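> Test case, fold it:
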Amino acid sequence: MSKPGTTQASPNILLILNDDMGFSDIGCYGGEIDTPNLDRLARDGLRYSQFYNTARCSPSRASLLTGLHPHQTGIGILTYSTGPEGYAGDLNRNCVTIAEVLKRRNYKSYLSGKWHVASNLTEPTDAWPLQRGFDEFFGTIIGAGSFYHPNTLTRGNENVEHEAEQNPEFFYTDAISDQAADFIRAHKKNHPDAPFFQYVAYTAPHWPLHAHEEDIAKYKGRFDAGWDELREERLERLVKSGIIHPSWKLTDRDPSQPAWTEADHRAWLLRCMEVYAAQIDRMDQGIGRILAALEETGQLDNTLVIFLSDNGACAEDIPEGVTAKELVDQLMIAKATTRKGEPVRFGNYPDIMPGAEDTYQSYGTAWANLSNTPFRLYKHWIHEGGIATPLIMHWPEGITEKGALRHHPGQLTDIMATILEVTQAEYPQIYQGNAILPYEGESLVPSFGSDETSRGPLFWEHEGNAAVRVGQWKLVRKYPGPWELYDMEADRTEMNDLAAQYPDKVREMKELYAAWTERCGVIPREKILEYMAQQEGTAFWEDK
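Okay, here's the model as predicted:
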C-alpha cells in the first residue's frame with residue numbers, strides 16, 4: 001500500500017447509521033453506555049470530533065446516500081409532501097445512491113434496516129431500495145415504530161410483517177444485525193470475487209423505548225447521579241480523551257428542565273434512561289456479530305467500516321392526547337395492539353414503566369440534554385447538539401494510525417466523496433437517462449493519514465433552522481430567531497454570540513448562505529408553513 005486510503009483490492013464498505021443518538025452516549029465518546037464493539041473500532045481506527053449530520057432522520061439519510069444536500073434529493077424535510085420541488089418527500093431521479101454508483105464497479109449492495117426516503121410506504125416505487133441500486137433489502141420503509149412488531153417490514157419489495165408476528169423472539173435491532181451478518185456470509189459464498197457495500201441502518205435508539213429486561217437490568221444504578229452530575233462527568237471524560245478542548249465550557253442545563261434533585265418521578269425518569277441505554281447496548285451487541293461475520297469470512301481487514309448517527313439526541317415527547325389512530329392509521333409508526341392483542345399504551349406517563357411491547361414512550365428533554373453533552377439543543381436544530389455526531393472510521397488495510405483523533409470539520413456529503421475515492425468508482429453525470437447533480441462533499445481520505453486537512457464551507461437548513469460554517473466561524477439561526485455567530489475554535493459549545501461584534505463577518509456569511517440556498521433549492525420556511533397549513537395528516541412533531 002503506497003499511502004493511507006489505498007489498497008491493492010477494492011475495499012468492502014460497511015456503513016452503519018444509528019438513529020437519534022447523542023454525541024456523547026457511546027463509551028468511546030465519553031458516555032456511560034457499554035459499547036465494546038464500537039470502542040474496539042475506535043481503538044483500532046479513527047474518531048472524528050467535528051463531523052456533522054443534517055439534524056433529522058430522512059434528510060440525513062438522503063444526504064448520506066447521495067452526497068448531496070437534502071433539498072437537492074427531494075427530501076427537504078421528511079417523507080411527507082411539504083412543498084414543491086425539493087420537498088416532495090421522495091428520493092428523486094436527479095441523484096444517485098452509493099449503491100447505484102458502486103454497481104458500476106461490480107459491487108454487490110445490501111441494506112438491512114431503516115430506509116425512510118420514500119413517501120409510499122406500502123407499494124414499491126422508484127424511491128425504494130431495490131430500485132435504487134441495492135441487490136437485497138430487509139428492513140422498514142417507515143421512519144419509526146415498534147421494535148417488537150414494526151410496520152412496513154419488507155424483504156425485497158414484499159411486506160413481511162408476518163415474520164415478526166409469528167416469531168415471539170423477534171426484536172428489530174437483532175433482526176437488522178443478524179440479517180446484515182447473513183448478507184456478509186452469503187456474499188462471500190456466492191460472490192467471492194466481488195466487493196460489497198453493506199448499509200446497516202438501525203432504528204435504535206429512536207423512540208419508542210423498547211428493550212430487553214436483561215439489557216435494561218445492566219444499567220440499574222448507572223444513571224442514579226442524575227443528569228446534572230452526569231453531564232459534568234461526561235465533559236471531564238471528553239476533555240481527557242482529547243475530543244473536546246478544555247476551554248470549551250459546558251452549556252447550561254436546558255432551561256425548561258429542573259435540577260435533578262428537584263425532579264419529580266425520578267424512578268420513572270431513571271427507567272427511561274436505562275431503557276435508552278439498553279437500546280444502544282443491544283445495537284452494539286449486534287455490531288459485534290456483524291464484525292464477527294467479517295472476521296469469519298476473512299473480510300475485516302479490507303473493509304472500510306463507517307459508524308455515525310443521523311442527528312443529535314431527540315427531545316421529543318410522546319405527547320398526551322396522541323391517539324392510536326393518529327400514530328397507527330395516519331403516520332403508520334405504531335400498531336394499536338401487541339402481537340398478543342393487548343392494547344399499546346401511548347404517552348410519557350410516569351405510572352407506566354417503558355420497555356415492554358405494550359408501551360410507547362420517549363426519554364425526554366433532560367436526558368437528551370445529557371446525550372448531547374457538552375452541546376445545547378437537539379434533533380431538528382442546527383446548533384451543535386442537533387448536528388454533531390460521533391464518526392468512527394476503521395479499515396486495517398487503509399488506515400494505519402490506530403486510536404487517533406481527527407478534528408477538522410466535515411459533513412454527510414463527504415461520505416460519498418470518500419467512498420468514491422477509496423473504491424475508485426466513477427460518479428455519473430447521467431444515470432438511466434437522468435441528469436445527475438454533482439456531488440457536494442469532499443473526501444475524508446486525506447484525513448486517514450493526517451489531521452492537517454481543511455474543508456470548504458459547510459451548509460445546513462432544516463425547518464428554517466440554518467447554519468453556515470467556514471473554518472473557525474459558524475453562523476447559525478434557531479428559527480425564527482436572529483442569526484448568531486460563534487468562534488468554533490474558542491467556543492464550540494456556542495456560549496458567546498459574536499454577531500454584534502463582527503457585523504461584516506455576519507454579512508459575508510449570510511451572503512454565502514443565500515447563494516447556497518438558491519443553488520440547492522432551499523425554500524424559505526415561511527412558504528413551507530403556508531403550504532403545510534393547507535395540508536392534512538402532517539406528523540405531530542412538525543410544529544417543533
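> Just after the helix-or-strand element of the chain with minimal mean pLDDT, pick out the following helix or strand.
Sorting the helices and strands of the chain by mean pLDDT, DSSP states H and E puts helix 324-325 at the bottom, at a mean of 72. Elements were assigned by DSSP states H and E; along the chain past helix 324-325, the next helix or strand is strand 345-346.
> remind me which residues of the stretch 51-200 of the chain are low pLDDT?
Within the stretch 51-200 of the chain, no stretch has pLDDT under 70.
> which residues touch residue 181?
Shown in contact with residue 181 (Cβ atoms under 8 Å, 6 or more residues apart in numbering): 289-290, 292-293. In this view, the C-beta of every residue, glycine as well, is placed from N, C-alpha and C.
> how about a cut-off of 7 Å?
Counting by Cβ atoms under 7 Å, 6 or more residues apart in numbering, residue 181 makes contact with 289-290, 293.
> can you pull the contacts of residue 96?
Residue 96 neighbours (Cβ under 7 Å, 6+ apart): 66, 428, 431, 436.
> For those, which single residue is the most surrounded?
Counting by other Cβ atoms under 10 Å, residue 66 has the largest number of neighbours within the contacts of residue 96, with 33 neighbours.
> got a list of what the residue lying closest to it once chain neighbours are set aside touches?
Of all residues not flanking residue 66 in the chain, residue 95 sits nearest, at 4.2 Å (Cβ to Cβ, 6 or more residues apart in numbering). Residue 95 sits next to 66, 68, 72-73, 436-437 when contact means Cβ under 7 Å, 6+ apart.
> Just the ones of those in helices?
Counted as lying in helices by DSSP state H, out of the contacts of residue 95, are 66, 72-73.
> Identify, from the contacts of residue 181, the entry nearest to residue 316.
For the contacts of residue 181, the minimum distance to residue 316 (Cβ to Cβ) is 28.8 Å, reached by residue 290.
> thinking the closest one is in contact with residue 177, fair?
Yes - the pair residue 290 / residue 177 is scored as a contact, 6.0 Å apart, by Cβ atoms under 7 Å.
> Wait, residue 62 touches residue 69, no?
No - between residue 62 and residue 69 there is no contact under Cβ under 7 Å: 8.7 Å.
> In which helix or strand does residue 518 reside?
Using DSSP H and E, residue 518 falls in helix 503-520.
> Could I get the CA-only coordinates of the following helix or strand past that helix as PDB?
Using DSSP H and E, the helix or strand that follows helix 503-520 in sequence is helix 525-533. The C-alpha coordinates for helix 525-533 follow below in PDB (Å, rounded to 0.1, in the frame of the first residue of the first chain):
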ATOM      1  CA  ARG A 525     -39.600  28.400   5.900                       C
ATOM      2  CA  GLU A 526     -42.500  30.800   5.700                       C
ATOM      3  CA  LYS A 527     -43.500  29.500   2.300                       C
ATOM      4  CA  ILE A 528     -43.300  25.900   3.500                       C
ATOM      5  CA  LEU A 529     -45.500  26.700   6.500                       C
ATOM      6  CA  GLU A 530     -48.100  28.300   4.200                       C
ATOM      7  CA  TYR A 531     -48.200  25.100   2.100                       C
ATOM      8  CA  MET A 532     -48.400  22.900   5.200                       C
ATOM      9  CA  ALA A 533     -51.200  24.800   6.600                       C
END
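> got the buried residues for helix 525-533?
Going by neighbour count (16 or more other Cβ atoms under 10 Å), the buried part of helix 525-533 is 525, 528, 532.
> What of stretch 182-197?
182-184, 187-188, 195-197.
> Tabulate the residues you listed (JSON lines), appending distance to residue 347.
Converted to JSON lines, these look like this (distance: Cβ to Cβ, whole Å):
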{"residue": "182", "distance to residue 347": "37"}
{"residue": "183", "distance to residue 347": "37"}
{"residue": "184", "distance to residue 347": "40"}
{"residue": "187", "distance to residue 347": "43"}
{"residue": "188", "distance to residue 347": "46"}
{"residue": "195", "distance to residue 347": "47"}
{"residue": "196", "distance to residue 347": "42"}
{"residue": "197", "distance to residue 347": "40"}
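> Secondary structure and distance to residue 161 added to the residues you listed, as JSON lines?
As requested, those are arranged in JSON lines below (DSSP: H, G, I helix; E, B strand; the rest coil; distance: Cβ to Cβ, whole Å):
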{"residue": "182", "secondary structure": "helix", "distance to residue 161": "19"}
{"residue": "183", "secondary structure": "helix", "distance to residue 161": "20"}
{"residue": "184", "secondary structure": "helix", "distance to residue 161": "25"}
{"residue": "187", "secondary structure": "helix", "distance to residue 161": "26"}
{"residue": "188", "secondary structure": "helix", "distance to residue 161": "30"}
{"residue": "195", "secondary structure": "coil", "distance to residue 161": "32"}
{"residue": "196", "secondary structure": "strand", "distance to residue 161": "27"}
{"residue": "197", "secondary structure": "strand", "distance to residue 161": "27"}
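> Mind telling me the two of those farthest from one another?
182 and 195 (17.8 Å).
> Run through the strands of the stretch 201-350 of the chain in chain order.
303-309, 345-346 (DSSP state E, counting those that start in this stretch).
> Of all those strands, which one is nearest residue 319?
Per Cβ to Cβ, nearest to residue 319 of the strands of the stretch 201-350 of the chain: strand 345-346, 9.4 Å.
> Just give the strands next to the closest one in its sheet, each with its orientation.
strand 359-360 (parallel) (DSSP bridges).
> Check the average confidence over the strand it pairs with, would you?
On average, the pLDDT along strand 359-360 is 96.
> Which other helices and strands does the next helix or strand after that strand contact?
Next along the chain after strand 359-360, taking DSSP H and E as the criterion, comes helix 365-371. On a contact count with 3 or more Cβ pairs under 7 Å, 6 or more residues apart in numbering; DSSP states H and E, helix 365-371 meets helix 226-241, helix 266-296.
> quick one: average pLDDT of the helix or strand that comes right after helix 365-371?
Sequence-wise, the next helix or strand downstream of helix 365-371 (DSSP H and E) is helix 384-387. Here helix 384-387 scores 98 as its mean pLDDT.
> so how many other residues sit close to residue 137?
By the measure other Cβ under 10 Å, the count of residues near residue 137 is 25.
> SS state for it?
strand (DSSP: H, G, I helix; E, B strand; the rest coil).
> for the stretch 251-400 of the chain, which spans come out with low pLDDT?
Looking at the stretch 251-400 of the chain by pLDDT under 70, you get 320-324.
> count of neighbours near residue 438?
9.
> Please tell me how far residue 110 sits from residue 213.
31 Å (Cβ to Cβ, to the nearest Å).
> Mind checking which of those two has more residues around it?
Set residue 110 next to residue 213 and count neighbours by other Cβ under 10 Å: residue 110 wins out with 25 against 10.
> Please list all residues in contact with the residue nearest the centre of the chain.
Centroid-nearest residue in the chain: residue 310, 1.3 Å away (criterion: Cα atoms, centre = their mean). Contact partners of residue 310, counting by Cβ under 7 Å, 6+ apart, are 17, 19, 53, 57, 60-61.
> can we see that at 10 Å?
17-21, 53-61, 63-64, 114, 116, 143, 201-202, 206, 379, 389, 412 (Cβ atoms under 10 Å, 6 or more residues apart in numbering).
> How about it: what's its closest non-neighbour residue?
residue 60 is the one closest to residue 310 (Cβ to Cβ, 6+ apart), at 4.0 Å.
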